[in-house]
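[1] test case, fold it:
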Amino acid sequence: MKRFIIGIVGGAAALAATGTAGTAQAAPPAWCKGAAAARPDLQALSSSDTREVIAAFVAATCGAPPGKDESGHGQVEGHRAEIEAARQAWSKRLGMTEADWADAVAYAAAQDYSIAADFASKTLAQATPIDQYAAIRKSGDPGAELDAMYSTDMFEPNLSETGRLAFLQTACLNNGQAAPVDASGMTGTEVAWAICQADVERFDAAKLFGELRADTVHGGAIRMKLRIAAYELPRRIKDHAAEVQQMLQRDDASKKLFEIATAARGAWAQTTGKNTRLLDLALAMDSAAFTQSRKQLEGCGAATEAALAEAVSAIPARAFDGMRDERDNPSAGFATSAGPVLAGSAEVTLAAAAFMRCAPDADLSAFLKEIVAAGPPSRGPRNAALAQIKRAKVAYDKAGAQLVHPRPRPYGAGYLEGGLQARSTGGAVKAIKRSGDTLSVELQQTLVKSRDCVRSHDTSKVSRVRADGTVEYQSICDRSEVRSHDHTWTGFELAAKYAAWLKPGVVFSSTGKDVIAVWPSAAARAPSIVLGGKLK
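    This is a model prediction of the structure:
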């Protein structure tokens, strides 16, 4: 009979035939409970596939009854000490305690190497590390509402390492395949890789192993799959780093992308990243959409309105100086003029997105949708990095070289790609009458002076021939005078919640039943209230 000695070669267990040995069979360890009887394959301990190695350890440790079958169980009995030493070595690599091997039993029984985690928590705020993984990986599904950057940014500043693993797998490491280089020396991944670099550098497998051990909501099989994925990630990161270096060497412009992304992520952490109240609210609204829960939206109106008002109040009143609605052109009024100013604030767009989640059918949401579409992506540090890179417009030396910018979902896709156009109407208040939840607002009279012809005569010169064949002759004005005409808009029906803002003499701008701005008087150049925020 041959003896097999187990050693560690290149990170895998290797067997060498030498002679014969025998030891008494010990009882299987407690973690073997529930393990299915399986034929041990010691050759699998030498596999380059970690998955096969783990399954082989389970079979050899838990499912080998005494016997002399050289092809299976009999091999194990003579080499348990060596197998155990190899298993302990793998425990260190995978950050596993002895109890964690129960996960390997569940994994071996699953016979499925795909990592399909389910979201088990009721809200995103309660998401376990594996829940975060599941939510982020969902962004790769066809038709997913959120992209990987948004899904990952939702969890900042409380992103788990398990969640970071999902982001790296989904958005950064190109599925383990080398990115092809086009004729201009571009891969199309330059921007994405710059945004991902901080996550590549920060990934901490040891921290992830601890998170998995603490996440008892999910089954052992998924925990084991994620351990293996984390263990194999450094090799993929090494290959990725080599590609990044080649990319940086092809054109110095790529280095600027990494510098911009690093600075933008740091700036976000020091600004919006510290506004925990706003981030918690945004997460709660994202959670309601993600879980399709109406209950999670209860009471969101007051909270999202307050957040929007607070964000807008940080903008100086002078930023809106001279902006007013136009009587005959609602698309060129206050909403269109003020939109870019509002969209320029990351906290306004974040609060606006939360409001839209809360009240998607509100008249105001139509205006806010324009703002968040035109504004810079602002959900978290990765979106902030994308926004800064797009704003920088980095140019490459090679003629024809074009950067590919990830298109954020669901917000910010139109950033720097088109103008903002929205509709708003309003005027100076004459009188207000309340009826239930509605305010009937009568506007002050608007008189427009024009020079009108008051007496004229026709000539014999033909001006035109009408379609019916009749002739129209040119008319000459004999006398004109300046007259006033009433151009007062018809009354407005507004939501009663704006009653405290409106009184005779003030000027307002509205979209539908929602008031978006208020001026203290017709003479004021800048509004005193915009989207509920009091301006200074």
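
[2] longest helix in the protein, please.
    Counting by DSSP state H, the longest helix found in the chain is helix 220-250.

[3] helices or strands up against the helix or strand following that helix?
    The first helix or strand that comes after helix 220-250 along the chain, using DSSP states H and E, is helix 253-270. If you count contacts as 3 or more CB pairs under 8 Å, 6 or more residues apart in numbering; DSSP states H and E, helix 253-270 packs onto helix 190-202, helix 220-250, helix 381-392. From N, CA and C alone the C-beta is placed, and that goes for glycine too.

[4] what about the second one, distance to the chain center?
    Here helix 220-250 shows a centroid-to-chain-centroid distance of 22 Å under the convention CA atoms, centre = their mean, to the nearest Å.

[5] also the shortest one?
    Here the centre of helix 381-392 is set off from its chain's centre by 13 Å, with CA atoms, centre = their mean.

[6] tell me the mean pLDDT over it?
    Mean pLDDT, helix 381-392: 93.

[7] most remote residue from the protein's center?
    Most distant from the centre of the chain: Ser460, at 71.6 Å, with distances by CA atoms, centre = their mean.

[8] how about the backbone phi and psi for it?
    Note on Ser460: its backbone torsions stand at phi -90, psi 0 [degrees, to the nearest 10].

[9] just the element for the residue nearest in space to the middle of the chain, please.
    Nearest to the geometric centre of the chain sits Tyr150, at 1.0 Å (CA atoms, centre = their mean). When elements are assigned from DSSP H and E, Tyr150 belongs to helix 148-153.

[10] in that helix, what's buried?
    Buried residues in helix 148-153, counted by 16 or more other CB atoms under 10 Å: Ala148, Met149, Tyr150, Ser151, Thr152, Asp153.

[11] Lys503 - that's part of a helix, no?
    No. Lys503: not assigned to a helix; according to DSSP: H, G, I helix; E, B strand; the rest coil it is coil.

[12] quick revisit: how about a markdown table for the helices and strands packed on helix 253-270, with distance to Leu42 and mean neighbour count added?
    Converted to a markdown table, those look like this (distance: least, CB to CB, whole Å; neighbours: other CB atoms under 10 Å):
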| stretch | distance to Leu42 | mean neighbour count |
| --- | --- | --- |
| helix 190-202 | 37 | 21 |
| helix 220-250 | 20 | 18 |
| helix 381-392 | 45 | 23 |
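
[13] nearest to Lys398, of these?
    Among the helices and strands packed on helix 253-270, the nearest to Lys398 by CB to CB is helix 220-250 (8.2 Å).

[14] hang on, the earlier thing: my guess is the residue farthest from the centre of the chain meets Ser475, correct?
    No. Judged on CB atoms under 8 Å, Ser460 makes no contact with Ser475 at a distance of 11.6 Å.

[15] in contact with Asp153, which residues?
    Taking CB atoms under 8 Å, 6 or more residues apart in numbering, we find Asp153 in contact with Arg379, Gly380, Pro381, Arg382, Asn383.

[16] how close does the residue nearest to the third one when sequence neighbours are not counted sit to Arg164?
    Taking CB to CB, 6 or more residues apart in numbering as the measure, Pro381 lies nearest to Arg265, with 4.0 Å between them; neighbours along the chain are not counted. In this structure, Arg265 and Arg164 are 13 Å apart, going by CB to CB, to the nearest Å.

[17] among the two, which residue is more densely surrounded?
    Each of Arg265 and Arg164 has its neighbours counted (other CB atoms under 10 Å); Arg164 has more, 26 against 22.

[18] the helix or strand containing that one: which residues count as buried?
    If you go by DSSP H and E, Arg164 is part of helix 161-167. Residues Glu161, Thr162, Gly163, Arg164, Leu165, Ala166, Phe167 are the ones in helix 161-167 that count as buried (16+ other CB under 10 Å).

[19] before we move on, what about stretch 406-420?
    Going by neighbour count (16+ other CB under 10 Å), the buried part of stretch 406-420 is Pro406, Pro408, Arg409, Pro410, Tyr411, Gly412, Gly414, Tyr415, Leu420.

[20] give me the contacts around that stretch.
    For stretch 406-420, contacts defined as CB under 8 Å, 6+ apart pick out 144-147, 149-150, 171, 191-192, 195, 336, 339-340, 343, 349, 353, 370-379, 383, 386-387, 390-391.

[21] recalculate using a threshold of 7 Å.
    Stretch 406-420 has contacts (CB atoms under 7 Å, 6 or more residues apart in numbering) with 145-147, 149-150, 191-192, 336, 339-340, 343, 353, 370, 372-377, 383, 386-387, 390-391.

[22] over to stretch 442-455?
    Residues from elsewhere that reach stretch 442-455 (CB under 7 Å, 6+ apart): 427-431, 477-489, 491.

[23] kindly recompute the last result at 6 Å.
    With contacts defined as CB atoms under 6 Å, 6 or more residues apart in numbering, stretch 442-455 is touched by 427-428, 430-431, 477-485, 487-489, 491.

[24] can you tell me which of the residues you listed are buried?
    By neighbour count, with 16+ other CB under 10 Å, those hold Gly427, Ala428, Thr488 as buried.

[25] am I right that the last one is in a strand?
    No. Thr488: not assigned to a strand; according to three-state DSSP it is coil.

[26] relative to Gly344, how far out is it?
    In terms of CB to CB, Thr488 sits 34 Å off from Gly344.

[27] name the nearest residue to the residue nearest to the centre of the chain, sequence neighbours excluded.
    Using CB to CB, 6+ apart and skipping residues adjacent in sequence, the residue nearest Tyr150 is Arg379, 5.2 Å away.

[28] thank you, goodbye.
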